[in-house]
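Asks: Got a predicted structure here, sequence first:
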Amino acid sequence: MYAISLGDDGAELRPLESWQAEEFLAHVDRGREFIGQHNALPDVVTDLASSRAFLQAYAEKAAADAGRLHGIWTDGELVGAVLFRRMDVEQGIAEAGCWLEPSAVGKGLVTRAVRVIIDWAVEERGVHRVEWVVSAANGPSIAVARRLGMTKDGVLRESYPYRGKRHDEEIWSVLAPEWRAGRQAS
């Protein structure tokens with residue numbers, strides 16, 4: 001297995017796989033209420049079987065080159081994840097996403113980790129457009145999109161029901177030439 005350092009603070013990015021279902025469930029349990037504010041993950045991962053099934057679904061996406069899931073660890077503890085929810089290499093499009101448990105918030109972990117996966121998608125897989133789909137009420141996730149140099153493409157008004165209420169979604173994106181230009185500037 002590989003691990004990619006995310007900086008000098010002991011944080012690293014690693015694949016998150018089905019054999020880690022117990023660790024993944026413990027992570028979701030620690031952040032269940034916080035993560036669930038804008039992300040349905042805690043409604044999907046409720047026990048060991050559903051944890052394993054979620055991770056297995058991403059293993060199958062990875063095998064089909066249709067998605068990826070990577071955990072963020074700090075000092076050996078799983079504290080969050082970044083992923084490509086969907087990926088269509090032939091069309092050159094991928095949708096990135098993330099979540100963190102409360103103990104990991106405010107440390108730049110998501111921004112650093114998403115930079116790694118976008119670099120990989122653009123440079124290794126030839127993806128042309130990376131999207132970031134976010135609840136319009138999720139200010140911290142919108143801030144990540146901005147830090148990544150993404151452009152707000154628009155708002156899908158009341159586009160999805162979540163926990164009894166319809167929510168707006170913002171679509172942000174970065175194109176490969178913009179990503180490369182931004183990386184060269186920094």
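Replies: Thanks, I have it.

Asks: if you go through the protein in chain order, where are the strands?
Replies: Assigned by DSSP state E, the chain shows strands spanning 4-5, 11-15, 68-74, 77-88, 93-100, 129-135, 151-162, 165-175.

Asks: Make CSV from the ones you listed and add mean neighbour count, distance to residue 40 and mean pLDDT to it.
Replies: C-beta: built from backbone N, CA, C; applies to glycine. Conversion of the strands of the chain to CSV gives the following (neighbours: other C-beta atoms under 10 Å; distance: least, C-beta to C-beta, whole Å; pLDDT from 0 to 100):
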stretch, mean neighbour count, distance to residue 40, mean pLDDT
strand 4-5, 13, 27, 93
strand 11-15, 19, 22, 96
strand 68-74, 22, 15, 97
strand 77-88, 21, 12, 97
strand 93-100, 22, 10, 97
strand 129-135, 22, 11, 97
strand 151-162, 12, 7, 95
strand 165-175, 17, 11, 96
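
Asks: Tell me which of those strands lies nearest to residue 31.
Replies: strand 93-100 (7.1 Å; C-beta to C-beta).

Asks: With distance to residue 57 as extra columns, can I get the strands of the chain in CSV?
Replies: Listed next are these as CSV, based on distance: least, C-beta to C-beta, whole Å:
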stretch, distance to residue 57
strand 4-5, 23
strand 11-15, 14
strand 68-74, 9
strand 77-88, 11
strand 93-100, 14
strand 129-135, 18
strand 151-162, 20
strand 165-175, 22
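
Asks: Those: which one's closest to residue 35?
Replies: Closest of those to residue 35 is strand 93-100, at 4.9 Å (criterion: C-beta to C-beta).
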